[in-house]
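# Just the structure for this:
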Amino acid sequence: MRYRADITAGSLKVPESREVAALSLSNAVEAQWHEAIHDKNVLQARNPATARRLLLLIRGRLELMQPPLWRLVRDGSMETATHAVFAAAVKHSHLLGDFLDLVVRDQYRMLAERLTNPMWEGYIEQCRERDPEMPQWSDSTVARLRSSVFQMLAQAGYLADTRTRKLETVRLASEVLTYLRDHGEDHVLRCISVSP
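Purely as a prediction, here's the structure:
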């Protein structure tokens, strides 16, 4: 199955990703993870169940990349860390990556001003054609996915905000682009390089 609804947990979560990257880079053992996530609540979660879900999401993203990217997340400027987390999120989610590659790229090419809800709904229908095993999501799940994706696009600088969804020109952090080129992440690089 190519498309999953596992990005409804929300946005890029950059501050939380910095904490997870730091723990990963320190080669934390299970007891240290438990202390940081549950006892110290470094992810600032409302309850232990939310902390576990958030940790699974963030680790799932970051562990698809190599330690040099984790260092960019932990130590980079806010812009660099955001673009590093965004790259990891694109690798983690075909739903996000393909939306950038197939829809957002076209909107930039056509000099469109903004992204719209119908663009997302049409994209979801196309996903179903590409992936017959894709679940039949409820309207509310499709709306939550759209909200999460548009929020990530705004955080990464592709959209001015989530209200107007006005497309912006993005200058991606050079350290992130270098990492992606050096580590053969051609698909991720293609997906995030949609802005003129």
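
# For the residue nearest to the spatial centre of the chain, which non-adjacent residue is spatially closest?
With distances taken as Cα atoms, centre = their mean, the residue of the chain nearest its centroid is Ala89 (3.0 Å). Nearest residue to Ala89 in three dimensions, chain neighbours excluded: Arg61, at 5.4 Å (Cβ to Cβ, 6 or more residues apart in numbering). No exception for glycine: its C-beta is placed from N, CA and C like everyone else's.

# What's the local residue count around the residue lying closest to Gln151 once chain neighbours are set aside?
Excluding its sequence neighbours, the residue lying closest to Gln151 (Cβ to Cβ, 6+ apart) is Ser11, at 4.6 Å. Using other Cβ atoms under 10 Å, Ser11 has 19 neighbouring residues.

# Please give me every residue in contact with Ser11.
Taking Cβ atoms under 8 Å, 6 or more residues apart in numbering, we find Ser11 in contact with Ser148, Gln151, Met152, Gln155.

# Show me what the top helix by length along the chain is packed against.
Assignment by DSSP state H gives helix 139-156 as the longest helix of the chain. Judged by 3 or more Cβ pairs under 8 Å, 6 or more residues apart in numbering; DSSP states H and E, the packing partners of helix 139-156 are helix 78-92, helix 94-99, helix 117-130.

# Report the angle between that helix and helix 78-92.
140 degrees (axes from the mean of the first three to the mean of the last three Cα atoms, to 10 degrees).

# And helix 139-156, how far out from the chain middle?
10 Å (Cα atoms, centre = their mean, to the nearest Å).

# average model confidence for the helix or strand that that helix is followed by?
Next along the chain after helix 139-156, taking DSSP states H and E as the criterion, comes helix 174-182. Helix 174-182 carries an average pLDDT of 98.

# returning to that earlier point: let me see the contact set for the residue nearest to the centre of the chain.
If you count contacts by Cβ under 8 Å, 6+ apart, then Ala89 has Ile7, Leu12, Arg61, Leu96, Met152 around it.

# Can you give me the neighbour number for Thr169?
9.

# Nearest residue to it in space, please, no chain neighbours.
Ser195 (5.4 Å).

# again, but for His92
Arg61 (4.4 Å).

# would you say that neighbour is within a helix?
Yes - assessed by DSSP: H, G, I helix; E, B strand; the rest coil, Arg61 belongs to a helix.

# before we move on, what SS does the residue sitting furthest away from the middle of the chain have?
Within the chain, Ala31 marks the point farthest from the mean C-alpha position, 27.6 Å out by Cα atoms, centre = their mean. Following three-state DSSP, Ala31 is assigned to helix.

# what pLDDT does it get?
Reported pLDDT for Ala31: 92.

# Break this structure down into its domains, please.
The record assigns the chain these domain ranges, following automatic domain parsing: 14-88, 92-192.
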